[in-house]
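Peer 1: Would you be able to build a 3D model of this:
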Amino acid sequence: MSKGLVRVKMSGDRQAELYKLYDGLWGCYEPDNAHELLLYGHISELRDILERMADREQAKYTLTFTALQALAFVQLWEPKPYALTPLRALIIQSIFNELDKKVNRGRFQNLQIRDNHFS
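Peer 2: Below you'll find the predicted structure:
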C-alpha cells in the first residue's frame with residue numbers, strides 16, 4: 001500500500017447506500033464560507049467517485065482515500081451534522097475505523113479521529 005493512502009473495502013450494497021447519501025448531500029448542501037466550500041468539494045468528488053464505481057456493477061468495491069480526502073471526510077462527519085439511518089451510520093463509522101487504523105500506524109500525521117464516533 002502506498003504511504004498516505006487508505007483503502008476501504010465495502011459491499012455493493014454499502015457502496016450504493018454511501019452514493020445515495022453523498023448524492024443527497026450534493027443536491028442540498030449550501031456552503032456559507034470557504035471551509036464549507038472545501039467540504040462541498042469533498043462531497044462532489046466522493047459522489048463522482050462513487051458514481052463511477054457503481055458503473056462497474058461489482059459485488060465488492062474498494063474506496064481509496066488520499067490524506068486530504070480523509071481529512072475532508074473527517075471534517076465533514078466528525079461534528080455529526082446530519083441524522084443518519086443505522087446503516088448509513090454504520091458505513092460512516094466503518095470508514096472512520098479504517099482511517100483510524102492508518103492514523104495509528106503513522107500513515108497520516110496530524111489527523112485525529114475520535115473513537116466510536118457513530119456508536
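Peer 1: what sits against the residue nearest to the spatial centre of the chain?
Peer 2: Central residue of the chain (Cα atoms, centre = their mean): residue 73, 4.8 Å from the mean position. Taking Cβ atoms under 8 Å, 6 or more residues apart in numbering, we find residue 73 in contact with 42, 46, 65, 95, 99. Quick note: C-beta positions are derived from backbone N, CA and C, even for glycine.
Peer 1: From those residues, which land in helices?
Peer 2: 42, 46, 95, 99 (DSSP state H).
Peer 1: Give me the lowest-pLDDT entry from those.
Peer 2: Within the ones in helices among the contacts of residue 73, pLDDT reaches its minimum at residue 99, with 86.
Peer 1: ok, back up a step: relative to residue 6, which of the contacts of residue 73 is nearest.
Peer 2: For these, the closest approach to residue 6 (Cβ to Cβ) belongs to residue 65, at 4.6 Å.
Peer 1: Now do that closest one, the pLDDT please.
Peer 2: 92.
Peer 1: can I assume it is in contact with residue 42?
Peer 2: No. Taking Cβ atoms under 8 Å as the definition, residue 65 is not a contact partner of residue 42, at 10.2 Å.
Peer 1: Give me the more crowded residue out of the two.
Peer 2: Remark: of residue 65 and residue 42, residue 65 carries more neighbours, 23 against 19, as counted by other Cβ atoms under 10 Å.
Peer 1: Please report how far the residue lying closest to the more buried one once chain neighbours are set aside lies from residue 12.
Peer 2: Excluding the flanking residues, the one nearest residue 65 by Cβ to Cβ, 6 or more residues apart in numbering is residue 6, at 4.6 Å. Using Cβ to Cβ, to the nearest Å, residue 6 is found at 20 Å from residue 12.
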